[in-house]
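A.B. asks: Return a 3D structure for these sequence lines:
(chains A and B)
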Amino acid sequence: MEDVVFLLLCVSSAAAAQLCAPDASNGYKVRLSILTALGDEAYVWNDSEMFLFRAALAFAMRTADGQNYNVSNVLVCDETPRVSFWFVVTSPLNPTLLVERRQVEEAVRKSRNRINSAFMLTDNTLEFLGIPPTLAAPVPPSSPPWLIVFGVVMGAVGAGIVLVLGTSVMQRRRQKKKEQTGIEEGEEESRAEGNGAASDSVYNLSFSDDDRLTQM
Amino acid sequence: MIQDARPNWDNPLQFILACVSYAVGLGNVWRFPYLCQMHGGGGFLIPYFIMLILEGIPLFYMELAIGQKMSLGSIGAWTAISPYLGGVGLASVVTSLYLCLYYNVINAWSFWYLFHSFQSVLPWSVCPMNSNRTGPIEECEIATPTQYFFYRQTLNISPSIEEHGGVSTGQAMCLVLAWILTYLFIVRGVKSTGKVVYFTSIFPYMVLFIYLIRGITLHGAINGVKYMFTPKLEQLLNPTTWINAATQIFFSLGLGFGTLIAFASYNHYNNNFERQAIIVSLINCGTSIFASIVTFAIYGFKATVNYENCLERTRLLLLNTFDLAEDSMSIDQVFDWIEKLNATYPLQFAEIANQLEPCNLESELDTAVEGTGLAFIVYSEAIKNMPLPQLWSVLYFFMLLLLGMGSMLGNITAIITPLRDFKLVSHLSDELLNGLVCVFCMLLGLGFTTTSGNYWFTMFNDYGANFSLLFIVLIEVIAVSYIYGIKRFEKDIEDMIGHRPNWYWKIMWAGVSPVVLITLFVVYIVNYIRGGTPTYQAWNKELGKSVVTDYPVFGQLFIGLLMMSSVSCVPLTALYVFCMKRKRGNHPKRRAVSTVST
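C.D. replies: Numbering: from 1, shown residues only, chains lettered A, B, ... in the order given. Next comes the predicted model:
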């Protein structure tokens, strides 16, 4: 009896060994970069961690498929110091039958986040070679932030221009009033003096400026 | 409308700062470091300073003297020197007009980048995703995210100059903002410009200083600075080095645009511009050197980061291929491991041999870039790797904006001042005239915001000013030295500042500078003819890089038009004046000249 059991075990493990091999048709290679991700807080990869991985994968298969996958359905082989290995998943109904590649991929994709967080890793540091990670959807902002800053600056500059133009218009009006009263006084003076000789009025001052310009 | 007296700067400091603000521009930041790198690092300073003494300072002095003496813009000033030479002033105005048209586009880009720096993730640091969300956009993958942001999201560039497209709205908005800001700065002429230059000239130095501290404390910056300052003295034997030094001094000081004449015309008659000319020229050169130290610190940082990323990728590749433990190989051991693995597993190694990138720090440092590529692509790439990139980005693009605006003030003043002197427009108020000029330039400048706009921009940048300026300044120095006469010029200067210029100035004006300028002029023409068809860099989205392309026929014709249109002003005006004089017989100089100005 024990011999039979022993034989069965050997056969099953041999079969398992045959089911899981590098470049297996329905298998995936997994690569973990624990040191890169966690630095000083990195944990050591040992059998317990491997057990967790197989359990997580069984969880993923259960979530996707509905069937009762167990840790024993996840076979692992070819472990390397890199911390990379191959795995295959066998069907719970028939331990010699491998689950299709696509199904495994779907399951992994669905529960990727849960698997990642079990190991405190990310899509980049826990790689399933052949299963590209689904990229996060970019959140479009309600209004592009640059427009807001643009609006602020444009408003400030516009306000500045209005201010400057406004003050020059007011200055000009004040000057005109002064000139008008100045001209009237000047004209009265010149009328009184009887000649248009240089007086203090603004009008004559500008004349001398004109003279300078025409000297070109 | 009563004519006001000519406005003046509030104090000589404003004049100095205005000249500094004008002369210290983007060229100091993106052209000089490139030249330094190409021509032997620290050794380039020797021809640079020699040329400064031989042509830079004397010509700068001369333009200031003319402006201050005549108290008129470039057209009026040259007409006063000799009625036949009014064309020189006109050529300056035309060249300044071309410059104004395209220069503010750079400010528009600075605004664009500045506004986009107010985000948690800088948009040029990551590639946006494609519509399927399976990966980044292809064009961005092949090129780099910074290039993608510049060529696609900023410019939306077309594959060649022949293919037109619509105006890019974001660009157009930023250009409008740039012009409105320019108008705000010059709206009241010298009165407003004089106040603005305090800020536009001093603030960039503060930013440069902050960047210097940041730059030299960056990881790997010392590689860049060492690389730049190691003089390769054999480059001094190369004549191109001297030609480039002379040309750089020339353009860096902004000679020939009429800006210096315009600025100096607002000086009081007895302002001592001799000292100011020397001070401004030295400040300009000092700034170039200062800016290149910063640039090379940043280069060194960027090159080191790229080199280390390359090593990291190689390390990962080796780890993954040979399934080695992560802590078995550190970055420094990559090269040793490559040799070891090649020896022990030659077959496996051969499989990945084509994926191995050659990681070389020297070649990373060697990528010399100038112009908009340096400012907007290389610098943005360096900034995104710094800690707290948003802050550095905002500071940097704000500095670029101020440098550009400072130069714009000078360019616009060079157009407005001669226009003001014409009786035709003198009845318009300051604000109205300035506004009209700004609106005119803005509307034409919108052409540079189209999809092929960047190619037109490059055309204007490369051909719009260089040839005409050499010609203009050559005529200027010959006119002052031989037509107006050194003796008369000496007396004018003595009249203004109280002493005659000493023998150094006179030798330079009459002898050395004309010789240098004629050499530059001849070399430029020879290079242009020998260069064959003019080419430009067209962005190829499939390859993800710029490809050298010939200009089409209409492009070459337009280049010719650009170069000839300003140069031809000189002979045409002389001819016109000659004909007018003959028609009206021998009238006194005054009358004939006033005909020209109306």
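A.B. asks: Spatially nearest residue to residue 81 (excluding sequence neighbours)?
C.D. replies: Chain wasn't specified; assuming chain A. B:Ala325 (3.9 Å; Cβ to Cβ, 6 or more residues apart in numbering or on different chains). For glycine as for every other residue, the C-beta is placed from the backbone atoms N, C-alpha and C.
A.B. asks: wait, I meant chain B there
C.D. replies: B:Tyr484 (5.0 Å).
A.B. asks: Please report how far the one you found lies from B:Tyr98.
C.D. replies: 27 Å (Cβ to Cβ, to the nearest Å).
A.B. asks: can you tell me which helix in chain A is longest?
C.D. replies: When chain A is parsed with DSSP state H, its longest helix is helix A:145-193.
A.B. asks: so, in contact with chain B or not, it?
C.D. replies: Yes - using Cβ under 8 Å from any Cβ of the partner chain, we find that helix A:145-193 touches chain B at A:145-150, A:153-154, A:157-158, A:160-161, A:164-165, A:168, A:172, A:179.
A.B. asks: List only those of these flagged as buried.
C.D. replies: Restricting the residues of helix A:145-193 next to chain B to buried positions leaves A:145-146, A:149-150, A:153-154, A:157, A:160-161, A:164-165, A:168, A:179, with burial counted as 16 or more other Cβ atoms under 10 Å in any protein chain shown.
A.B. asks: Save those as TSV, and put in pLDDT too.
C.D. replies: As requested, those are arranged in TSV below (pLDDT from 0 to 100):
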residue	pLDDT
A:Pro145	84
A:Trp146	87
A:Val149	89
A:Phe150	91
A:Val153	92
A:Met154	92
A:Val157	92
A:Gly160	91
A:Ile161	90
A:Val164	89
A:Leu165	88
A:Ser168	86
A:Glu179	84
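A.B. asks: Between which two of those residues is the distance greatest?
C.D. replies: A:Pro145 and A:Glu179 (51.2 Å; Cβ to Cβ).
A.B. asks: Which stretches in chain A count as strands?
C.D. replies: Using DSSP state E, the strands of chain A run over residues A:28-32, A:74-80, A:84-89, A:126-129.
A.B. asks: residue ranges with poor pLDDT in chain A?
C.D. replies: By pLDDT under 70, the low-scoring segments of chain A are A:1-2, A:4-18, A:135-142, A:184-216.
A.B. asks: any idea how it splits into domains?
C.D. replies: Domain segmentation of chain A under automatic domain parsing yields A:11-129, A:141-216.
A.B. asks: Tell me which of the ones you listed sits most buried.
C.D. replies: Sort the domains of chain A by mean neighbour count, taking mean count of other Cβ atoms under 10 Å in any protein chain shown, and domain A:11-129 sits at the top with a mean of 16.
A.B. asks: can you name the farthest residue from the center of chain B?
C.D. replies: Going by Cα atoms, centre = their mean, the residue of chain B most distant from its centre is B:Thr344, 54.9 Å out.
A.B. asks: where's that residue relative to B:Gly286, distance?
C.D. replies: Taking Cβ to Cβ, one finds B:Thr344 at 57 Å from B:Gly286.
A.B. asks: do the same with A:Ala118
C.D. replies: Taking Cβ to Cβ, one finds A:Ala118 at 60 Å from B:Gly286.
A.B. asks: ok, now B:Pro33?
C.D. replies: The gap separating B:Pro33 from B:Gly286 is 14 Å, by Cβ to Cβ.
A.B. asks: Neighbour count for the two, which is higher?
C.D. replies: B:Pro33 (26 against 12; other Cβ atoms under 10 Å in any protein chain shown).
A.B. asks: SS state for that one?
C.D. replies: helix (DSSP: H, G, I helix; E, B strand; the rest coil).
A.B. asks: which ones are touching it?
C.D. replies: B:228, B:291-292, B:295-296, B:299, B:370, B:374 (Cβ atoms under 8 Å, 6 or more residues apart in numbering or on different chains).
A.B. asks: Flag whichever of these scores worst on pLDDT.
C.D. replies: Lowest in pLDDT among those is B:Glu370, which has 76.
A.B. asks: Assess the claim that it and B:Val29 are in contact.
C.D. replies: No - judged on Cβ atoms under 8 Å, B:Glu370 makes no contact with B:Val29 at a distance of 10.1 Å.
A.B. asks: tell me which parts of the stretch 201-350 of chain B are close to chain A?
C.D. replies: B:319-320, B:323-328.
A.B. asks: B:Asn306 reaches B:Glu364, doesn't it?
C.D. replies: Yes - with contacts counted by Cβ under 8 Å, B:Asn306 reaches B:Glu364, the gap being 5.1 Å.
A.B. asks: quick one, phi/psi of B:Ile137?
C.D. replies: phi -60, psi 140 (degrees, to the nearest 10).
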